[in-house]
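1. here is the input, now give the coordinates:
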Amino acid sequence: MGSARAQLVAIDPPDEVLEASPGNPVPFPALELPPARRPGWPTLAALAVACGVVAVALGAWALVAETRSGPAPAQGVTDERSLAVLTDGSAERYPLRGSLGRITLVVGDRGEAVLALDGLGAPPRGAVYAIWVVPPTSAVPLPAGTFDAAARVVPLTRPVAPGARVGVTLEPDARAVRPSRPLRLVALRTGA
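-> Numbering: from 1, shown residues only. From the prediction side, this is the model:
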């Protein structure tokens, strides 16, 4: 047995041998946790896409809910036409003389027109504001709608041709077919 000699290694016992007892727990070495993982770019991108999809779905749901509970179809069409005229970059704008900038006539390319109101006071009790269009070939004002001061945009029921005048009066009856007083708040469409 000469070449295969077993070596005995002596293990030094710890300086102090601890045994667990009810009053003396055995200490454990400190536990090291791995560093916290942060989400990577693919995870963040997926979250952003999910948030976008949810936002679009909520917007569509709100639009459908408003459409179902919104105004009657005729009112919705009128609002769309008014918005189209107001947002048209080539629309002509004419403040009504005498209105102190509170009433502006906005006319689109095909003569469709709206009145944009800003700070107009309420009409007296029992009266309404009436809109009149005076064609360029006539001196007779034609009714083009009525409104109260609660409106911000009022579509005209008649087109406004180049050379036509548009006026607003206070009338005692919304069904008036002729102005009860001279047109003082007036705008002249000059375009061709």
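2. what's the neighbour count on residue 155?
-> By other C-beta atoms under 10 Å, the residues close to residue 155 number 19. Every residue, glycine included, has its C-beta placed from N, CA and C.
3. could you find the closest non-adjacent residue to residue 186?
-> If the residues on either side of it in the chain are set aside, residue 186 comes closest to residue 167, at 4.5 Å by C-beta to C-beta, 6 or more residues apart in numbering.
4. helix, strand or coil: sort out the one you found for me.
-> Using DSSP: H, G, I helix; E, B strand; the rest coil, the structure places residue 167 in strand.
5. does it touch residue 189 like I think?
-> No: if you go by C-beta atoms under 8 Å, residue 167 and residue 189 don't touch, sitting 12.0 Å apart.
6. would you map the helices across this protein?
-> 41-69, 73-87 (DSSP state H).
7. so which of those helices is nearest residue 152?
-> Nearest of the helices of the chain to residue 152, taken as C-beta to C-beta: helix 73-87 at 9.6 Å.
8. next, count neighbours for residue 161.
-> With other C-beta under 10 Å as criterion, residue 161 counts 14.
9. need the helix or strand of this structure with the lowest average pLDDT.
-> The least trusted helix or strand in the chain, going by mean pLDDT, DSSP states H and E, turns out to be helix 73-87, with a mean of 71.
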